[in-house]
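Novice: Make a model of this:
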Amino acid sequence: MTVPQNLESDLKSGRLALTIAQIAEEAADVILPFWRTGVVAEHKADASPVTEADRAAEAHILQRLEAQWPGVQVVAEEKASLEGLPQDAESWFWLIDPLDGTRGFVQGRESFTVNIALVRNGQVVAGTVVAPATQTSWRSGGEGEGAFRRQGQEAWRPIHVRPRPDEAVAIVSHSLTDEEADRLTRQHGCRQWQALDSSLKLCLIAEGRFDAYPRTGPTSEWDIAAGHAVLNAAGGRIITPDGQTLAYGKSRFLNGPFVALGG
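Specialist: Have a look, this model is predicted:
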């Protein structure tokens, strides 16, 4: 693969992070007209739901990324469902989930997101997450710039994970039973927990509202890569059970167990 000459320079300068945030916000505008309108989900081969909003948002993202940085490998949820996954990850590739939290979206809940991330040599290096329902965006910055959040068209403001408090609070998936959530969160030193859908969990740790997100079940890499980039830039991390940084481009682009941590 020949990497577009401007990809690495745009990454370092922060232009890439700003541009993909804009693209994700545009995709959010594509999604919102479908929300709370009785949109019906179809089911893919893996039984996960998909709607017209997912497909329309992904088509917009792919067109905009190709126009900006042509030729970069793309691993996107709906594209993969239709065409299959690439056999191997290239040194640079995009990970895209155009609508994370489709089940909640169909039910009219607010916690669904647009996710765009860039991976280089197995590590996520830039990402943006947008919550269309609340018009809230999170993104990484340029080299050494940290992470940022904004609502609507207000100015971007820096965010950072908080120092771990004495009463640390975890955030978990809605799919966990109360017993499983209690066990997992205590394992990671948290006495309290709250359940939430989608990649918002990682962004809320990044902005200092929670302290940990333990995950045992499998996830697709595109589910968390953008939030991982934001969390990294905000001073947090995601580690595997053996203490290693979570990497990308794995077999079938699937994650095993991990825990996301703030300060």
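Novice: and the closest residue to A28 other than its chain neighbours, backbone torsions?
Specialist: Distances taken as C-beta to C-beta, 6 or more residues apart in numbering place P132 nearest to A28, at 3.7 Å, with adjacent residues excluded. For the C-beta atoms, the positions are set from N, CA and C on the backbone; glycine is no exception. P132 adopts backbone torsions of phi -60, psi -40, taken as degrees, to the nearest 10.
Novice: My guess is P132 contacts E26. True?
Specialist: No - look at P132 against E26 with C-beta atoms under 8 Å: they stay out of range, at 10.7 Å.
Novice: Compare those two (neighbour count), which wins?
Specialist: Neighbour count, other C-beta atoms under 10 Å: between P132 and E26, P132 has more, with 25 against 15.
Novice: for R162, helix, strand, or coil?
Specialist: When classified by DSSP: H, G, I helix; E, B strand; the rest coil, R162 comes out as coil.
Novice: could you pull out the helices for this structure?
Specialist: Here the chain has its helices, by DSSP state H, at 5-13, 15-31, 52-68, 77-83, 102-106, 178-187, 200-206, 221-233.
Novice: so how far is V124 from the residue of the chain most remote from its centre?
Specialist: Ranking residues of the chain by C-alpha distance from their mean position (C-alpha atoms, centre = their mean) puts D166 at the top, at 27.9 Å. Separation of D166 from V124 (C-beta to C-beta, to the nearest Å) stands at 31 Å.
Novice: again with V169
Specialist: Taken as C-beta to C-beta, the span from V169 to V124 is 25 Å.
Novice: Which of these two has more residues huddled nearby?
Specialist: Per other C-beta under 10 Å, whichever of V169 and V124 has more neighbours is V124, with 27 against 18.
Novice: The more buried one contacts N232, doesn't it?
Specialist: Yes - using C-beta under 8 Å, V124 is in contact with N232, at 6.9 Å.
Novice: Run a quick neighbour tally on G256.
Specialist: Around G256 there are 13 residues (other C-beta under 10 Å).
Novice: Now do the contacts for it.
Specialist: Listed by C-beta atoms under 8 Å, 6 or more residues apart in numbering, the contact set of G256 reads 218, 240-241.
Novice: Among these, which one has the most neighbours?
Specialist: Within the contacts of G256, most neighbours by other C-beta under 10 Å means T240, with 14 neighbours.
Novice: coming back round to it: how near is the residue farthest from the centre of the chain to R209?
Specialist: 16 Å.
Novice: again with A27
Specialist: Distance of A27 to R209, computed by C-beta to C-beta: 24 Å.
Novice: Same question for Q194.
Specialist: 10 Å.
Novice: next one: T51
Specialist: T51 sits 29 Å away from R209, going by C-beta to C-beta.
Novice: Give me the more crowded residue out of the two.
Specialist: Using other C-beta under 10 Å as the criterion, T51 and R209 rank with T51 on top: 19 against 15.
Novice: right, and that one touches A41 too?
Specialist: Yes - between T51 and A41 there is a contact under C-beta under 8 Å: 5.1 Å.
Novice: any common contacting residues for these two?
Specialist: Common neighbours of T51 and A41 (C-beta under 8 Å, 6+ apart) are 102, 106.
Novice: Tell me the bridge partners for the closest residue to A131 other than its chain neighbours.
Specialist: Residue nearest to A131 in three dimensions, not counting chain neighbours: T113, with 5.3 Å by C-beta to C-beta, 6+ apart. Bridge pairing for T113 (DSSP bridges) gives the partners D100.
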